[in-house]
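Asker: With the input below, show me the fold.
(one chain, ligands or ions: 1)
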Amino acid sequence: MPPRRYLLSEANHRQLLERPPCVAVLPWGATEAHNRHLPYGTDVLEATCLAERAAELADEQQARVIVLPTVPFGSDEQQLDQVCTISFSTLTAHAVLRDVVRSLVRQGIDRLVLLNAHGGNQFKPLIRDLQSEFDILIVLANFYEMVPQIPESLFDVPGDHADESETSIMLHLAPELVELDQAGPGVRNAFEIDSLQQPGVWTPRPWSDVHPDTGCGDPRGATAEKGKEYFEAVSAKLAEVLVALFGAAKGELPYL
Ligand SMILES: [Zn+2]
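Answerer: Presented below is the predicted three-dimensional model:
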């Protein structure tokens with residue numbers, strides 16, 4: 001098997017010169033506790049594998065895409081009391097993203113998909129700023145929001161961190177790293193200030209106090225089969241985005 005031309009970690013200079021990529025994908029994760037049964041690298045692995053699978057599907061349709069190395073750290077300010085949690089501040093995230101964008105634009109790559117796997121990462125203000133500064137179309141894809149009907153129909157217990165859906169994906173991708181028999185129930189303690197729990201009102205969760213086992217949502221009904229179905233559905237949707245961006249003509253809204 002030759003090196004895969006759509007993965008920057010494998011592709012060589014000759015391959016990229018012969019077939020220059022037009023659309024870049026930047027997977028972005030976080031490194032943090034995921035209940036007691038999933039690895040700290042869960043979000044990194046999800047972002048990486050989804051980007052690779054989507055790029056593979058897009059490559060099969062002749063779209064010239066390139067998956068960049070995954071950014072391993074995200075916004076984890078509310079988890080810094082938990083051992084070995086590393087957090088990027090928003091200024092750091094902006095600086096990293098800006099340097100990636102600045103480099104790509106220099107090489108004529110003017111379409112970037114930011115594939116986010118961590119709910120604490122908020123990229124919209126950064127993208128607004130950078131798209132104004134550089135001649136590039138930046139598209140945000142929060143993978144966990146891309147196929148909303150699947151989490152609703154496929155999984156029994158809702159959650160948003162190390163839950164049944166995320167555990168199922170990990171059972172599909174890396175079952176050897178999942179210790180499901182160690183999982184806690186993923187309880188979420190309600191805020192005691194009641195009026196802070198109404199629509200439109202928000203403050204971050206003090207994570208360790210709100211989630212005693214660090215997870216949100218009971219993961220114990222997870223299966224690899226559910227994970228595969230969800231993973232493939234998201235990958236297919238993401239591939240659609242990549243193929244569409246590759247085929248987009250300059251001037252076609254919103255690619256101006
Ligand atoms: Zn996660």
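
Asker: OK, contacts around G247?
Answerer: Applying CB atoms under 8 Å, 6 or more residues apart in numbering to G247 gives the contacts A63. For every residue, glycine as well, the C-beta is placed using N, CA and C.

Asker: pretty sure R53 contacts L242?
Answerer: No. Between R53 and L242 there is no contact under CB atoms under 8 Å: 11.0 Å.

Asker: lowest-pLDDT helix or strand in this structure?
Answerer: None of the helices or strands of the chain scores lower by mean pLDDT, DSSP states H and E than helix 149-154, at a mean of 90.

Asker: what about it, distance to the chain center?
Answerer: 18 Å (CA atoms, centre = their mean, to the nearest Å).

Asker: Alpha carbons only: can I get it in CSV?
Answerer: In CSV, the C-alpha atoms belonging to helix 149-154 read as follows (Å, rounded to 0.1, in the frame of the first residue of the first chain):
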residue,chain,number,x,y,z
GLN,A,149,-31.1,12.0,14.8
ILE,A,150,-28.7,9.2,15.5
PRO,A,151,-27.9,9.9,19.1
GLU,A,152,-31.6,10.4,19.7
SER,A,153,-32.7,7.1,18.1
LEU,A,154,-29.7,4.9,18.7
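
Asker: next SSE after it?
Answerer: Later in the chain than helix 149-154, the nearest helix or strand by DSSP states H and E is helix 164-173.

Asker: Mind checking if the helix or strand that comes right after that next one is in reach of the ion?
Answerer: Following helix 164-173 in sequence order, the next helix or strand is helix 207-210 (DSSP H and E). No. Using CB under 5 Å from the ion, helix 207-210 stays clear of the ion, coming no nearer than 12.4 Å.

Asker: Which SSE is immediately downstream of helix 207-210?
Answerer: helix 224-247.

Asker: and that following helix with helix 164-173, angle?
Answerer: With axes from the mean of the first three to the mean of the last three CA atoms, to 10 degrees applied, the angle from helix 224-247 to helix 164-173 works out at 90 degrees.

Asker: Show me which of R53 and L242 is the more surrounded one.
Answerer: Between R53 and L242, counted using other CB atoms under 10 Å, the more crowded position is L242 (30 against 19).

Asker: pretty sure the more buried one contacts E60?
Answerer: No. Using CB under 8 Å, L242 is not in contact with E60; the gap is 11.1 Å.

Asker: Which single residue in the chain comes nearest to the ion?
Answerer: Here the residue of the chain nearest the ion is D43; by CB to the ion that distance is 4.2 Å.

Asker: Not counting its neighbours along the chain, what's nearest that residue?
Answerer: In this structure, D43 finds its nearest non-sequential neighbour in G29, 3.6 Å apart by CB to CB, 6 or more residues apart in numbering.

Asker: Please apply the same query to T42.
Answerer: Residue nearest to T42 in three dimensions, not counting chain neighbours: H34, with 4.7 Å by CB to CB, 6+ apart.

Asker: List the contacts of the one you found.
Answerer: Going by CB under 8 Å, 6+ apart, H34 touches 40, 42, 161-162, 166, 214-215.

Asker: which phi and psi does it have?
Answerer: Dihedral angles of H34 (phi, psi; degrees, to the nearest 10) stand at phi -130, psi 90.

Asker: cool, and T203?
Answerer: Backbone torsions for T203, taken as degrees, to the nearest 10, come to phi -150, psi 150.
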